[in-house]
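In: Coordinates for the following, if possible.
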Amino acid sequence: MTLLSRRSLLKTAAGTVPVLVAGTLPDRPADVLVTGVVPAALAGLDTVVKTYIAERGITCAQLAVVKNGKLVLARGYGTYMTPAPPGEQQFLARVQPTSLFRIASLSKHITATAILRLVQDGKLSLSAPVTTLLGLSTAGDSRLKDVTVLRLMQHLGGWDRDVSGDQLWLDHTISAVLDVPLPISQSDIVAYATPRPLDFAPGSKMVYSNYGYLLLGRIIEKVSGMTYEAYVKQKLLTPVGISRMSIGHSLRAESSASEVGYYSQYTNTTVMDESRAVVPYPYGGFNMPNQGANGGWLASAVDLVKFSGVFDAAGPVLNAASIATMVAKPEIGMSADGSWYGCGWYVRQVTGHLNTWHSGSMPGTYTYLARLQNGITYAALFNRREETGTPDYDVLSARMNEAFGKVTTWPTTDLTSQYF
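Out: Numbering: from 1, shown residues only. Prediction:
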């Protein structure tokens, strides 16, 4: 089915709802349809998300909240057209609490957990150089030997995307420089980056690096002898009862049956083949499988809050020492605002607790996950990110924090068994 730039209308019990084909933008926010459970005591949280998506023209969203280990809120917002191969019929579906979203950089704490599990099992050292583990040459910059596993996890590796570009988003450049066809592979990305000088001395400062997490994924594969995805599923997800998560695909026709559609006002020249065709940015404008350990996972909000329980106490995935390593201050200390980047999480000390959080962003995706004081964990997922003309997306956390502060009584019913 070809992508359309118009809306059709569907009559439902809730009224007339815009039906959107993936890759297009709505003329106005949809009259939101909802699924799942929001107890009356938590209605303020539901209102925050409804207001947020209406302001931004977001058509698919999720919210899940855990309090003291219990899933107390699980909500889906909006509708999407189910994926289908060309020529096959698409159907309108409501976003469920279990629908899948691209989670972008919320993948990073999953990758960091996999690394720490390998360390915990005695198969890897945090001080091991990436050059030794992956057989990388230091001819381009002798400082590459100083890039360790821990420095990769804490974004201290020496790459600055504002200086030399983000290697995960240079497909056309890498294809031309290496004289290899599109789509390029992760091996091509590494072959392009390795001979180039680092942008700063490893360990001297924190600069966010998607490429560093690509390297971590390849280390996981080299050390475990498994694919990155298979290792994460076997060692991290299955032990805690999570089965829906997987690495996503680039094209809409390849999407999971329960995966929402993604929307962007932008297009891009495809990186999936040599046609140079202009495509909706979320569908072929970047290579989703290459994102892998950096930002490639599909998950639901309930999956993410359930997985976050791994960090609450020692269990089948991580022991206490590994959890402590994940949130430890890096060698450069904390930033000016009192926070620091641990292993896949931003971290801040509050009275009696370490708050941890992360956001994710790619064309067609904005996500946020936070573990707060008072036993609160929440995940919010959206099928659009901030673009020209859209309101600030970063206001979400402040609005949610304000709403949490107004909750006077918490539900005691645990919804976990409804979704796992």
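In: how about the strands in the stretch 51-200 of the chain?
Out: Ranges of strands in the stretch 51-200 of the chain, per DSSP state E, counting those that start in this stretch, are 60-67, 70-81, 92-94, 101-102.
In: Quick check: phi and psi at the nearest residue to residue 72 once chain neighbours are set aside.
Out: The shortest distance from residue 72 to any non-neighbouring residue, by C-beta to C-beta, 6 or more residues apart in numbering, is to residue 411 (4.7 Å). The C-beta positions use only the backbone N, C-alpha and C, and glycine is treated the same way. Backbone torsions of residue 411, given as degrees, to the nearest 10, read phi -60, psi 150.
In: Contact partners for residue 411?
Out: Residue 411 makes contact with 39, 41-42, 67, 70, 72-73, according to C-beta atoms under 8 Å, 6 or more residues apart in numbering.
In: which of the residues you listed lies closest to residue 80?
Out: When these are compared for distance to residue 80 (C-beta to C-beta), residue 73 wins out at 21.1 Å.
In: From residue 62, how far off is that closest one?
Out: According to C-beta to C-beta, to the nearest Å, residue 73 stands 11 Å off from residue 62.
In: Looking at these two, which has the bigger crowd around it?
Out: Between residue 73 and residue 62, counted using other C-beta atoms under 10 Å, residue 62 has the larger neighbour count: 32 against 25.
In: What residues are recorded as beta-bridge partners of the nearest residue in space to residue 106 that is not next to it in sequence?
Out: Distances taken as C-beta to C-beta, 6+ apart place residue 360 nearest to residue 106, at 4.5 Å, with adjacent residues excluded. Judged by DSSP bridges, the bridge partners of residue 360 are residue 367.
In: what do you get for residue 94?
Out: Residue 94 forms beta bridges with residue 79, as assigned by DSSP bridges.
In: Could you do residue 299 as well?
Out: Here residue 299, judged by DSSP bridges, has bridge partners residue 101.
In: That one and residue 100 touch, don't they?
Out: Yes: Residue 299 is within contact range of residue 100, at 6.6 Å (criterion: C-beta atoms under 8 Å).
In: Pull up the overlap in contacts between those two.
Out: residue 244.
In: related to what we said a few turns ago, could you find which two of the contacts of residue 411 are furthest from each other?
Out: 41 and 70 (13.1 Å).
In: neighbour-wise, which of residue 299 and residue 100 wins?
Out: Higher neighbour count among residue 299 and residue 100: residue 299, with 28 against 24, using other C-beta under 10 Å.
In: circling back to that earlier point, who wins for proximity to residue 257 among the strands of the stretch 51-200 of the chain?
Out: Nearest of these to residue 257, taken as C-beta to C-beta: strand 92-94 at 9.0 Å.
In: Run the chain-centre distance for the closest one.
Out: When distances are taken as C-alpha atoms, centre = their mean, to the nearest Å, strand 92-94 is centred 23 Å away from the chain's centroid.
In: Kindly report the same for stretch 73-84.
Out: On C-alpha atoms, centre = their mean, the centre of stretch 73-84 falls 18 Å from the chain's centre.
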